[in-house]
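1. What shape does this take:
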Amino acid sequence: MNIYVLVKRTFDTEEKIVISGGAIQEDGAEFIINPYDEYAIEEAIKVRDQEGGEVTVITVGGEESEKQLRTALAMGTDKAVLINAEEDVDDLDQFSVATILAEYLKDKEVDLIFGGNVAIDGGSGQVGPRLAELLNINYVTTITSFEISGSDIKIVRDVEGDSEEISTSTPLLVTAQQGLNEPRYPSLPGIMKAKKKPLEELELDDLDIDEDDVEPKIKTVEVFLAPQKQAGRILEGEIADQARELISLLRSEAKVI
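-> A predicted model of the protein is given here:
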């Protein structure tokens, strides 16, 4: 079984993020595998161990993304592919990335593609569904349970606080939601083995893609932090006095009435 996992290099949101000039400053920032992609990696490994085959992780990014691919290899995947878009990586949008991935995968024998539900830096959740449409294969998003037997698959997906059960078949793309599994940590033997596992690096020119073919459809105008919330106020005194003061504050300070 040929299994592919889509991964993305993202900021570690537990670290302090500095924004200057309408953009995130990368100097000194920590980068990780997008956390939702870790669920995808774990599930792909579990399926491979059950059904056989191999797992290939793939990303579109710069040279720095090799670190995250090596981490995925250390977790237990078999191969890695870096599609180097160094010069254009900051300008690519979901359409661009899906188009690049589809060009790479179009001639491959694909049984399963796993990806994260969303990337924590953008949160659009578009790359997976767009890729499935371009490859003309089935897809199911936000999955929380995955059972496979041959080409038959049973899935439970999250639907706004409820669950939906789906039966489908390969070839298939799914995006992983929190709760699907518990991602493993890379072990020391896994880290050592990862250094010898194959990591293929391609340029966009190797895929015979013109710049016009992946020209972004959207542009990030500015990145900014949400304003800090002011501390709440506790009103004291008689209930009637509190009510009058509350109405006054809503009118004069909050300006909502």
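2. Mind listing what's buried along the longest helix belonging to the chain?
-> Ranked by residue count, the top helix of the chain under DSSP state H comes out as helix 35-51. By 16 or more other CB atoms under 10 Å, the buried positions in helix 35-51 come out as 35-48. No exception for glycine: its C-beta is placed from N, CA and C like everyone else's.
3. Was I right to think residue 191 contacts residue 76?
-> No. The criterion here is CB atoms under 8 Å, and residue 191 misses it with residue 76 at 11.1 Å.
4. Looking at those two, which is more packed in?
-> For residue 191 versus residue 76, the count of surrounding residues by other CB atoms under 10 Å is larger for residue 76: 20 against 14.
5. who touches the more buried one in this structure?
-> 45, 55, 184, 190 (CB atoms under 8 Å, 6 or more residues apart in numbering).
6. Spatially, which residue comes closest to the last one, not counting chain neighbours?
-> Closest residue to residue 190 in three dimensions, ignoring its sequence neighbours and counting by CB to CB, 6 or more residues apart in numbering: residue 74, at 4.3 Å.
7. tell me which element that neighbour falls in.
-> Element membership for residue 74, per DSSP states H and E: helix 66-75.
8. Alpha carbons only: can I get that helix in CSV?
-> Taking Å, rounded to 0.1, in the frame of the first residue of the first chain, the C-alpha atoms of helix 66-75 are listed here in CSV:
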residue,chain,number,x,y,z
GLU,A,66,14.4,19.1,6.0
LYS,A,67,14.5,19.1,9.8
GLN,A,68,10.8,18.5,10.0
LEU,A,69,11.0,15.7,7.4
ARG,A,70,13.8,14.1,9.3
THR,A,71,11.7,14.2,12.4
ALA,A,72,8.9,12.4,10.5
LEU,A,73,11.3,9.8,9.4
ALA,A,74,12.5,9.3,13.0
MET,A,75,8.9,8.8,14.0
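9. circling back to that earlier point, which of the contacts of residue 76 lies closest to residue 122?
-> residue 55 (24.4 Å; CB to CB).
10. how many degrees apart are the helix or strand where that closest one lies and helix 35-51 in direction?
-> For residue 55, the host element (DSSP H and E) is strand 54-61. Strand 54-61 and helix 35-51 are oriented at 160 degrees to each other (axes from the mean of the first three to the mean of the last three CA atoms, to 10 degrees).
11. I'd like to know how many residues surround residue 248.
-> 11.
12. Tell me the secondary structure at it.
-> helix (DSSP: H, G, I helix; E, B strand; the rest coil).
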